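Trainee: need coordinates for the below:
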Amino acid sequence: MTKSEWKVESSATAPAPLSTFASVHPAGLRDLPALWRLERACFGAEAWGILELCLALLASSVRLRVMEDERSVGFVLAERGWWRDEGTITLLGIHPDYQRRGLGRQLLSAAEAQLNTRRYKLTVRVSNAPAIALYEHCDYRRISRLTRYYARGEDGWVMEKIVGANTLT
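Mentor: Numbering: from 1, shown residues only. Below is the predicted model:
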């Protein structure tokens, strides 16, 4: 396994030390193997399959990864709606060993900047308290609950962020 590859399991040791530099880069099909390993490390049994991830990479207008020490440690996929000024964050994951370091916020902010819309939406598992806290910290609010949205019947929160003083209808 090379330095840029991840084991599927998160290490049981202490988290990797903070890097002094994290940077956001475009992601593409050449990154698919590394992103799939990262997807499985982030989401375990609930991770998308490689074909689903490949199709999402191809379909997404925003495909970004965050790098620390020459290693992909997180990624985000997002799509801008063509029928109105709205962007959807499809998938955001940070490797468990690199969570709670501001990298999710950095990726979310970079995705929003590339989408450049006034309204952003995403869906998150109701049980994912750390992600909900991140999104609320970034000014997202819960607007509806989707019953049995995720595999194994878990509900999801639809969250929304509206930028600017005037709301959209």
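
Trainee: counting neighbours, what do you get for the residue lying closest to residue 127 once chain neighbours are set aside?
Mentor: Leaving aside its sequence neighbours, residue 127 sits nearest to residue 154 (Cβ to Cβ, 6 or more residues apart in numbering; 6.4 Å). C-beta coordinates here come from the backbone N, C-alpha and C atoms, glycine included. Using other Cβ atoms under 10 Å, residue 154 has 15 neighbouring residues.

Trainee: any idea how far stretch 143-155 is from the chain center?
Mentor: For stretch 143-155, the distance from its own C-alpha centre to the chain's C-alpha centre is 18 Å (Cα atoms, centre = their mean, to the nearest Å).

Trainee: any idea how far the residue nearest to residue 127 is from residue 125?
Mentor: 5 Å (Cβ to Cβ, to the nearest Å).

Trainee: wait, what's in contact with the spatially closest residue to residue 75 that is not a sequence neighbour?
Mentor: Spatial nearest neighbour of residue 75, excluding adjacent residues (Cβ to Cβ, 6+ apart): residue 65 at 4.4 Å. The contact partners of residue 65, by Cβ atoms under 8 Å, 6 or more residues apart in numbering, come to 24-27, 31, 35, 72, 74-76.

Trainee: test my guess that residue 122 contacts residue 86.
Mentor: No: using Cβ atoms under 8 Å, residue 122 is not in contact with residue 86; the gap is 11.2 Å.
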